[in-house]
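Visitor: Next comes the sequence, and after it the predicted model I'd like to discuss.
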Amino acid sequence: MGFRFANVAGRSSLVDDAGDYYDLERMTGGDVSADPAMALADITALGAAQTRLDDMTPFGTLAGADIRPPVAPRNVFAVGLNYADHVTESKMELPKTPLVFTKFPSCIVGADDDVELRSEHADYEIELVVVIGTGGRDIAAVDAWDHVLGLTAGQDISDRVLQFAAQPPHFDLAKSRDTYGPLGPTLVSPDMFDDPTDLAITCSINGELRQNSRTSDLVFSIADLIAYLSSIMTLAPGDIIFTGTPAGVGGSQGRFLAPGDVITSEIEGIGTLTNHCV
């Protein structure tokens, strides 16, 4: 049984197909914790509660709600150059192994939070984000999806000048400024998708479509990334992986984010991030 989870004002909630949310602690009479981390530890209870939504009255709609990141990650892994068209626009070579860097967890904010620009060269990057549910070391690619709690959407906001301020470049600081990691709005279990490896992914700036692809175009698949990372270190529940961005980023066009811009990022079956630049 699958689930569509959201953190609404710090409380664990489930979301239906219409975008309405249901407070888990209240709808289950306290059987499921209001604390998001505790609720996500019992996916059986989440799946059972999801099947009851048709018989419940929603507590509200996600539109306009205080939507916070669905998870508070321990580690935030990110993968660069993981769509071939983005490799081409970046004028770089296709990686032979995953190009992995980190975003520091302090950059993570909610799906509708403002992005606080600190540079005239800030860039957008819509990405599918994988959340680990069952940890492990040396996870085989064939078993990798058994370790996935769910999928969510993320923006890997990047300060391009800071990114290339040193040689070799240091991606981590450039992508970890405060608010440079919007995440959400929902965390969706893999079994809620017809095919969790093939989802439409788009990003628009002020209503202009800039990025438009499908996650099936990843160079290194989700299974490959989990196998690779777990061959190096033990993955833990709550670790997240930004899986890479497709072509259309601002840096390749000289079109960077500015105060007043609105970043609208959407992934099929997960929902929309709407982030105002300030």
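Guide: In hand now; what should we look at? Residues are numbered from 1 along each chain as shown.

Visitor: Excluding chain neighbours, give the residue nearest to C107 in space.
Guide: Excluding its sequence neighbours, the residue lying closest to C107 (CB to CB, 6 or more residues apart in numbering) is G181, at 3.9 Å. C-beta coordinates here come from the backbone N, C-alpha and C atoms, glycine included.

Visitor: Kindly apply the preceding question to Y83 instead.
Guide: Here the residue nearest Y83, using CB to CB, 6+ apart, is P246, at 4.3 Å.

Visitor: Tell me who's in contact with that neighbour.
Guide: 83, 85-86, 126, 201, 211-213, 217 (CB atoms under 8 Å, 6 or more residues apart in numbering).

Visitor: try 6 Å this time
Guide: Residues in contact with P246 (CB atoms under 6 Å, 6 or more residues apart in numbering) are 83, 86, 211, 213.

Visitor: ok, it to H86 distance?
Guide: 6 Å (CB to CB, to the nearest Å).

Visitor: coming back round to it: what residues are up against the residue nearest to C107?
Guide: Going by CB under 6 Å, 6+ apart, G181 touches 103, 107-108.

Visitor: now do 10 Å
Guide: 69, 73, 76, 78, 103-109, 113, 115, 127, 129, 154-157, 175, 240, 242 (CB atoms under 10 Å, 6 or more residues apart in numbering).

Visitor: CA atoms only: put the lowest-mean-pLDDT helix or strand in the chain into CSV for me.
Guide: Ranked by mean pLDDT, DSSP states H and E, the weakest helix or strand in the chain is helix 84-89, scoring a mean of 91. The C-alpha trace of helix 84-89 is given here as CSV (Å, rounded to 0.1, in the frame of the first residue of the first chain):
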residue,chain,number,x,y,z
ALA,A,84,23.1,14.0,-21.4
ASP,A,85,21.6,17.2,-22.7
HIS,A,86,22.8,19.1,-19.6
VAL,A,87,26.3,17.7,-20.1
THR,A,88,26.1,19.0,-23.7
GLU,A,89,25.0,22.5,-22.7
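
Visitor: And K96, how close does it get to V32?
Guide: As judged by CB to CB, K96 and V32 stand 45 Å apart.

Visitor: can you pull out the helices in the stretch 51-200 of the chain?
Guide: Assigned by DSSP state H, counting those that start in this stretch, the stretch 51-200 of the chain shows helices spanning 84-89, 160-163, 171-174.

Visitor: can you pull the buried residues of the helix or strand encompassing A48?
Guide: Using DSSP states H and E, A48 maps to helix 43-50. By 16 or more other CB atoms under 10 Å, the buried positions in helix 43-50 come out as 43, 45-47, 49-50.

Visitor: Which residues does that helix contact?
Guide: For helix 43-50, the surrounding residues in contact (CB under 10 Å, 6+ apart) are 1-5, 12, 14-16, 22, 24, 27-28, 31-33, 39-40, 42, 56, 133-134, 149-150, 187, 189, 191-192.

Visitor: Take those residues and keep only those in strands.
Guide: Within the contacts of helix 43-50, residues falling in strands by DSSP state E are 4-5, 12, 14-15, 22, 149-150, 187.

Visitor: May I ask which two of those residues are separated the most?
Guide: The largest separation in the ones in strands among the contacts of helix 43-50, counting by CB to CB, is between Y22 and L149 at 19.3 Å.

Visitor: Which one's more surrounded, these two?
Guide: Of the pair Y22 and L149, L149 is the one with more neighbours under other CB atoms under 10 Å, namely 26 against 23.

Visitor: And the pLDDT at that one?
Guide: Note on L149: pLDDT of 98.

Visitor: Tell me how many other residues crowd the spatially closest residue to it that is not a sequence neighbour.
Guide: Take L149 and drop its neighbours on the chain: the residue closest to it by CB to CB, 6+ apart is G133, 2.8 Å away. Look at G133: counted by other CB under 10 Å, it has 19 neighbours.
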